[in-house]
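Have a look at this fold, sequence not included:
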């Protein structure tokens, strides 16, 4: 059942919560916060447990220190986003979930905390820490390095995709305790800039999982750079990518905006596609180093390690690039194999199969585990890899979704997602905890994720009977966001070389 408010509406389907908001920053923020109040109340409880469990620090501590560092900067340099977050806080509170703009700012910084916190400890803390606690927190990307997230690919051109246009797929590797909340699809129609449809978590103003399309015809996703170390306090990545989504007109704009004020936080290999020029781009974004590659006939894959040797060797530790016992090395091999096997045939249905793949290149068999494109750390005994600083056996971590899109869908502002994970394997928390009692204290905060359908998620202007082929205004500004209804339907059944200018595959 659809629930409407002055500046938005929401609808639930197949595990997803679709939220449409429009208008001035504070107005659309209020509608968003009001729609997310119940979910954010659960998130607050989770954060109080998980932050203390991960860092030995209360969530209230992080709210205070993050705002000390970033609140005034947010007001000054990203005032539109600050007003939106003010509205979110007011909307949440009005619907029964008491919060503040300070908490919403801190929550939007959540993915950057593991990068910022070690620097804060070094410069501002008066407690003596062990060397591991200074650097790790809940991070497991290698000794002292950032945690790993996600599998992805993007492809284009007559040699690679069925119609020569762009095809993209992505899934998110997360701790289940927080990743389970990334079931929001947010449709933002701002007064200024381009309309955005993105996967996100309740009350985030950016995606975080980073799968989106814009009314300018840009498709975007990313995979994190595992084991990444350096950080400087500049602009948070959440603000930079939201600015790019809302105001970026070209792939070059995205690169420029992400580089402006780059902090090194949530360091990613970004994959972008421009449906207007039929070109794709990968930005491997470190702190001191970055690498841009682009092509109109080829592909890029994402597997939590960089091809760029400077980033991989100078800014990262234990990248796993060549180690097929590790998920980076294994997926580097498997995703490239899947590109080659499906060369010239890549389309939405094949993309769904690729992002749900369970072939383990180390053991050379189908095996749901940490090394596969659709990862299942909770099913992995880790007998082949459980080094210090790496994920432990049967960790409640892995793929929590799957998303696919192509040029035709993007031009109609449609993304197709599967909640739970990419393959449909259910996660039942009581069964998991019964088998793995070491995680019993996680029980009150974990949720079941039953098998769900692949589901089209769209917002179609002025029509209650939308179709895949319906036109959609690719215009700037909220004026193009007429009152609309969205549709959720079930869908029917390079090798990357050196750099700068990519050779076609």
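Okay, I see it. From a predicted model like this one, the values you see are computed outputs, not experimental measurements.

so who does the residue nearest to residue 382 when sequence neighbours are not counted touch?
Closest residue to residue 382 apart from its sequence neighbours, by C-beta to C-beta, 6 or more residues apart in numbering: residue 393 at 4.2 Å. No exception for glycine: its C-beta is placed from N, CA and C like everyone else's. The contact partners of residue 393, taken as C-beta atoms under 8 Å, 6 or more residues apart in numbering, are 380-383, 386.

In a markdown table, list the residues you listed along with distance to residue 345 and pLDDT.
Listed next are those as a markdown table, based on distance: C-beta to C-beta, whole Å; pLDDT from 0 to 100:
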| residue | distance to residue 345 | pLDDT |
| --- | --- | --- |
| 380 | 31 | 97 |
| 381 | 35 | 95 |
| 382 | 35 | 91 |
| 383 | 36 | 88 |
| 386 | 38 | 56 |
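
Tell me the one among those residues nearest to residue 150.
Ranked by distance to residue 150 (C-beta to C-beta), these are led by residue 380 at 17.0 Å.

For the closest one, which non-adjacent residue is closest in space?
In space, not counting the residues next to it along the chain, residue 380 is nearest to residue 369; the distance is 4.1 Å by C-beta to C-beta, 6+ apart.

Got phi/psi on that neighbour?
Reported as degrees, to the nearest 10, the phi and psi values for residue 369 are phi -160, psi -170.

count of neighbours near it?
Neighbours of residue 369 under the rule other C-beta atoms under 10 Å: 23.

so it makes contact with residue 384?
No - at 9.1 Å, residue 369 does not count as touching residue 384 under the criterion of C-beta atoms under 8 Å.

ok, how many other residues are close to the closest residue to residue 166 other than its chain neighbours?
Residue nearest to residue 166 in three dimensions, not counting chain neighbours: residue 273, with 4.2 Å by C-beta to C-beta, 6+ apart. The number of residues packed near residue 273 is 29, by other C-beta under 10 Å.

Ok, residue 204 next?
The local packing of residue 204 (other C-beta under 10 Å) involves 26 other residues.

And the pLDDT at it?
pLDDT, residue 204: 99.

Repeat that for the one 4 residues further on.
For residue 208, the model assigns a pLDDT of 97.

and what of residue 5?
Confidence per residue is given as pLDDT, and for residue 5 that number is 82.

How about the contacts made by it?
By C-beta under 8 Å, 6+ apart, residue 5 lies in contact with 31, 34-35.

Backbone torsions only: list them for it.
Taking degrees, to the nearest 10, you get phi -140, psi -180 for the backbone angles of residue 5.

What residues does the residue nearest to the spatial centre of the chain make contact with?
Most central in the chain under C-alpha atoms, centre = their mean is residue 209, positioned 1.0 Å from the mean C-alpha point. Contacts here follow C-beta under 8 Å, 6+ apart; on that basis residue 209 touches 150, 170, 172, 174, 182, 199-201, 401.

ok now do the closest residue to it other than its chain neighbours, which residues does it touch?
The shortest distance from residue 209 to any residue that is not its chain neighbour, by C-beta to C-beta, 6+ apart, is 4.4 Å, and that residue is residue 172. When contacts are counted by C-beta under 8 Å, 6+ apart, residue 172 is found next to 149-150, 179, 182, 209, 399-401.

By mean pLDDT, which helix or strand of this structure comes out lowest?
Lowest mean confidence among the helices and strands of the chain (mean pLDDT, DSSP states H and E): strand 484-487, at a mean of 33.

So which elements touch the lengthiest helix in the chain?
Under DSSP state H, the helix in the chain containing the largest number of residues is helix 25-55. When contacts are defined as 3 or more C-beta pairs under 8 Å, 6 or more residues apart in numbering; DSSP states H and E, helix 25-55 packs onto strand 3-5, strand 8-13, strand 16-23, helix 59-77, helix 79-94, helix 101-108, helix 176-179, strand 184-190.

Just say which of the ones you listed is most tucked in.
Using mean count of other C-beta atoms under 10 Å, the stretch among the helices and strands packed on helix 25-55 with the largest mean neighbour count is strand 184-190, at a mean of 26.

starting at the chain centroid, how far to that strand?
In terms of C-alpha atoms, centre = their mean, to the nearest Å, the gap separating the centre of strand 184-190 from the centre of its chain is 15 Å.

Could you name the helices and strands sitting against that strand?
In this structure, strand 184-190 makes packing contacts with strand 16-23, helix 25-55, strand 196-200, judged by 3+ C-beta pairs under 8 Å, 6+ apart.

I'd say residue 399 and residue 374 touch.
Yes - counting by C-beta under 8 Å, a contact exists between residue 399 and residue 374, whose distance comes to 4.9 Å.

Quick check on the two: which one has the bigger neighbour count.
residue 399 (28 against 21).

And the more buried one, how far from residue 112?
Spatial separation of residue 399 from residue 112 under the definition C-beta to C-beta, to the nearest Å is 22 Å.
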